[in-house]
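J.: Show me the folded form of this:
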Amino acid sequence: MAAGGFCKLPNGTVVVALNLPSPAGGPAGVRVLVHARNRARALTRLRNLGLRAVYLRGNAEPPTPDEVTAVLHHPDGLIWRTAPDNGVTVMELWHPIRTLLRQSAART
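T.: Reported below is the predicted structural model:
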């Protein structure tokens, strides 16, 4: 289960943002953004990548306008970065999801 939220765009698609524990086993969690046709499809995209226990309950932490812009400009529409700790904004670039999955595979 994860904290997160979503926003619906004018064209009918959605951007889902989730705070997840790091699949790579690191101490910090990750913030994952997914652009999809609907919320269910966004969660399915993550589950198909191996993140099985991903659910969106509520809309407590929707994506910011900057996050929406970042995911819309990425060709895969699926990005991540280290989650902010204690509300402090992280000055880190967004990464394609395959780099996170590669890190977790290397640690196992």
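J.: now the strands: where do they sit in the protein?
T.: 3-8, 14-20, 30-36, 78-82, 95-96 (DSSP state E).
J.: Would you reformat these as JSON lines and include distance to P62?
T.: C-beta here means a position set from N, CA and C on the backbone, and glycine is covered the same way. Conversion of those to JSON lines gives the following (distance: least, Cβ to Cβ, whole Å):
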{"stretch": "strand 3-8", "distance to P62": "3"}
{"stretch": "strand 14-20", "distance to P62": "6"}
{"stretch": "strand 30-36", "distance to P62": "11"}
{"stretch": "strand 78-82", "distance to P62": "16"}
{"stretch": "strand 95-96", "distance to P62": "21"}
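J.: now those strands in a markdown table, with mean pLDDT and distance to Y55?
T.: Output for the strands of the chain, formatted as a markdown table (pLDDT from 0 to 100; distance: least, Cβ to Cβ, whole Å):
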| stretch | mean pLDDT | distance to Y55 |
| --- | --- | --- |
| strand 3-8 | 92 | 9 |
| strand 14-20 | 93 | 9 |
| strand 30-36 | 93 | 13 |
| strand 78-82 | 91 | 17 |
| strand 95-96 | 90 | 23 |
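J.: what would those strands look like in TSV with mean neighbour count and distance to A42?
T.: Shown next, in TSV, are the strands of the chain (neighbours: other Cβ atoms under 10 Å; distance: least, Cβ to Cβ, whole Å):
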stretch	mean neighbour count	distance to A42
strand 3-8	18	8
strand 14-20	23	4
strand 30-36	24	4
strand 78-82	20	9
strand 95-96	14	16
